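A.B. asks: Predicted structure and sequence below. I'll ask about it afterward.
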Amino acid sequence: MFSFITTVGCMTIAVTGASAAALSSYNVDPNSISVSGLSSGGFMAAQLGVAYSDIFTKGFGVFAGGPYDCARNQYYTTCMYNGNPSISTPTSNMKTWSGSKIADINTLEQRKVYMWVGSSDSTVGPNVMNQLQSQLTNFVDSANISYVKSSGAAHTFPTDFDGSGDNSCSSATSPFISNCNYDGAGASLQWLHGTLNAKNTGTLSGSIVSFDQTGSYGASGMDRVGYLYVPQSCKSVSTVCSLHVALHGCQQYYGKIGSKFVENTGYNKWADTNNMIILFPQAISDSSSHTVWNGGVLPNPNGCWDWVGWYGTDADQIGGVQMAAIVNQVKKIASGSGSTSSISSTSATSTSQTTISTTQTTTTTATSTSTGTLAPLYGQCGGIGWTGPTACASGVCTSYTPYYAQCLPSLANLLVRPI
Ligand SMILES: *[C@@H]1O[C@H](CO)[C@@H](O)[C@H](O)[C@H]1NC(C)=O
């Protein structure tokens, strides 16, 4: 992230395994999905949170990113280096595109936004983040925006523990993850999802799962393999889990820094004790040149998420190929809920990839037991010793204790609005 675009002196070519397992479905409440990211991943988190606000129902977190659509009408470097990018055209675009190229902008009133930046960040920086805040206050009540500035921190992902191989908080160098005595993952997750159980500071219960990021789960500039953290509790269909998407920044993709973003950011520690799955989609270095929004011709050698239009003029709109791939991943992961109404979206699919239904999908059998029966609304659907149905004919199976889970109405069913 030292430079978003320029080819670094020693370029790493990412090499990943030829194949990974197909992405699995889990019992995820469609009303408990959020996204956050650092730097280009922060810009991407805002793009996803705005364009697909009907999917990211808990809102979004931006670590050292910037305004939505910032690089379309001005050169991308204006949106970096602690500059002062204009937000007037980007903000009017949000209003113009509402309900067509992006989700209904009024949905943002119901979303939380978390923002973090280091005061010594000269790669993106506080001025750029201030402009994001100004832009979002057009749509989100300031009471629902948490904006944290950490004194002395550089362009890096802040944690409160020493991860193996991390850089110091005051320097922007690989892997761009630092002990800043500030738990960024915990702060963002708790702002977006509400108070959480204390994180697991010891050995985690769950596992890191690789998955095949090709087909409708992949796009230009993305690696063939992505990663999930799945806590032990979420491997069982009887536990209702939430889902958070964590997006790495430039030079932080798996082929460049291995598992450091997946393991050293601290998201998994919180996920482990809170029935939360973390999705880590992966970008990849791309040295071929592309015409970007503002007319320049640029490669993407640092494996940044697309916030400048490398992979289409619609890169920050519904159907932008990278966003559509990530949303398809989210929908697949959340399709095992047994809810009669799983995620519905305006139109999540990419124009150039396999399409999936844009109407409400119905998933009633995904988690049914061998008996093939479904628990009724308010009926028991799980718990130690329970031998009855573990999928709900209606609603979402909600675990109260290890011994009792019940089918409850899904809030998401009420919030889905046709656009
Ligand atoms: C803040 O967001 C919540 C949803 O998380 C919403 O219900 C509430 O109306 C929002 N508050 C304001 C003042 O807009």
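C.D. replies: Here it is on my side, so go on.
A.B. asks: Are the lengthiest strand in the chain and the ligand in contact anywhere?
C.D. replies: The residue-count maximum for a strand in the chain (DSSP state E) belongs to strand 28-38. No. Interface with the ligand: strand 28-38 contributes nothing (C-beta under 6 Å from any ligand atom), its closest point being 10.7 Å away. Backbone N, C-alpha and C define where each C-beta goes, glycine included.
A.B. asks: ok, that strand: who's next to it in the sheet?
C.D. replies: Strand 28-38 sits in its sheet next to strand 59-63 (parallel), strand 241-247 (parallel), going by DSSP bridges.
A.B. asks: Can you name the residue of this structure nearest to the ligand?
C.D. replies: Among the residues of the chain, Asp141 lies closest to the ligand, at 3.3 Å counting by C-beta to the nearest ligand atom.
A.B. asks: thought that residue was touching Glu109?
C.D. replies: Yes. The pair Asp141 / Glu109 is scored as a contact, 6.9 Å apart, by C-beta atoms under 8 Å.
A.B. asks: Tell me how many other residues crowd Gly194.
C.D. replies: Using other C-beta atoms under 10 Å, the number of residues around Gly194 comes to 10.
A.B. asks: pLDDT at it, what is it?
C.D. replies: Looking at Gly194, its pLDDT is 98.
A.B. asks: Next: the one 3 residues further on.
C.D. replies: At Asn197, the pLDDT value in this model is 98.
A.B. asks: Leaving out chain neighbours, which residue sits closest to Gly303?
C.D. replies: Nearest-residue entry for Gly303: Tyr253, 4.1 Å, with adjacent residues in sequence omitted and distances by C-beta to C-beta, 6 or more residues apart in numbering.
A.B. asks: who's in contact with that neighbour?
C.D. replies: Tyr253 sits next to 14, 223, 261, 282-285, 303 when contact means C-beta atoms under 8 Å, 6 or more residues apart in numbering.
A.B. asks: And Val117, how close does it get to Val28?
C.D. replies: 30 Å (C-beta to C-beta, to the nearest Å).
A.B. asks: what residue ranges in the stretch 251-400 of the chain are flagged as low confidence?
C.D. replies: 338-372, 384-385, 398-400 (pLDDT under 70).
A.B. asks: let's see 80
C.D. replies: Along the stretch 251-400 of the chain, segments meeting pLDDT under 80 span 337-373, 376-388, 392-400.
A.B. asks: Can you pull the residues of it lying near the ligand?
C.D. replies: Taking C-beta under 6 Å from any ligand atom, no part of the stretch 251-400 of the chain reaches the ligand.
A.B. asks: Let me see the ranges of the helices in the stretch 251-400 of the chain.
C.D. replies: All helices of the stretch 251-400 of the chain, identified by DSSP state H, counting those that start in this stretch, fall at 254-257, 260-264, 267-273, 321-333.
A.B. asks: I'd like those helices as CSV, with distance to Gly382 appended.
C.D. replies: Shown next, in CSV, are these (distance: least, C-beta to C-beta, whole Å):
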stretch, distance to Gly382
helix 254-257, 34
helix 260-264, 29
helix 267-273, 19
helix 321-333, 19
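A.B. asks: Quick one, which of those gets closest to Ile105.
C.D. replies: Closest approach to Ile105 among the helices of the stretch 251-400 of the chain (C-beta to C-beta): helix 321-333, 16.4 Å.
A.B. asks: From the contact counts, what lies against the closest one?
C.D. replies: Contacts defined by 3 or more C-beta pairs under 8 Å, 6 or more residues apart in numbering; DSSP states H and E place helix 321-333 against helix 40-51, strand 241-247, strand 276-280.
A.B. asks: Dump the ones you listed into TSV; add mean neighbour count as well.
C.D. replies: Shown next, in TSV, are the helices and strands packed on helix 321-333 (neighbours: other C-beta atoms under 10 Å):
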stretch	mean neighbour count
helix 40-51	30
strand 241-247	27
strand 276-280	25
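A.B. asks: In TSV, list these along with distance to Val209.
C.D. replies: Formatted as TSV, the helices and strands packed on helix 321-333 follow (distance: least, C-beta to C-beta, whole Å):
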stretch	distance to Val209
helix 40-51	20
strand 241-247	13
strand 276-280	9
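A.B. asks: out of these, nearest to Ser394?
C.D. replies: Per C-beta to C-beta, nearest to Ser394 of the helices and strands packed on helix 321-333: strand 241-247, 19.2 Å.
A.B. asks: Run the chain-centre distance for that closest one.
C.D. replies: When distances are taken as C-alpha atoms, centre = their mean, to the nearest Å, strand 241-247 is centred 6 Å away from the chain's centroid.
A.B. asks: and the angle from that strand to helix 40-51?
C.D. replies: Interaxial angle, strand 241-247 versus helix 40-51 (axes from the mean of the first three to the mean of the last three C-alpha atoms, to 10 degrees): 130 degrees.
A.B. asks: CA atoms only for strand 241-247, dumped as CSV, please.
C.D. replies: Only the C-alpha atoms of strand 241-247 are listed here, as CSV (Å, rounded to 0.1, in the frame of the first residue of the first chain):
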residue,chain,number,x,y,z
CYS,A,241,-24.1,-17.5,12.9
SER,A,242,-23.3,-14.1,11.7
LEU,A,243,-21.0,-13.2,8.8
HIS,A,244,-18.4,-10.6,8.4
VAL,A,245,-16.4,-9.9,5.3
ALA,A,246,-12.8,-8.7,5.9
LEU,A,247,-11.0,-7.2,2.9
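A.B. asks: Run the angle between it and helix 321-333 for me.
C.D. replies: If you take the same axes, to 10 degrees, strand 241-247 sits at 160 degrees to helix 321-333.
A.B. asks: Let me see the ranges of the strands in the stretch 251-400 of the chain.
C.D. replies: For the stretch 251-400 of the chain, the strands defined by DSSP state E, counting those that start in this stretch occupy 276-280, 286-291, 297-300, 380-382, 396-401.
A.B. asks: Quickly run through the sheet partners of the first one, with directions.
C.D. replies: I take that to be strand 276-280. For strand 276-280, the pairing partners within the sheet under DSSP bridges are strand 225-230 (antiparallel), strand 241-247 (parallel).
A.B. asks: Tell me how far the shortest one lies from the chain's centre.
C.D. replies: Using C-alpha atoms, centre = their mean, we find the averaged C-alpha position of strand 225-230 to lie 12 Å away from the chain's own average C-alpha position.
A.B. asks: Contacts only, for the nearest residue to Ala283 once chain neighbours are set aside.
C.D. replies: Nearest residue to Ala283, sequence neighbours excluded (C-beta to C-beta, 6+ apart): Gly303, at 4.5 Å. The contact partners of Gly303, by C-beta under 8 Å, 6+ apart, come to 14, 221, 250-253, 255-256, 283-286.
A.B. asks: Having no further points to raise, I will conclude here.
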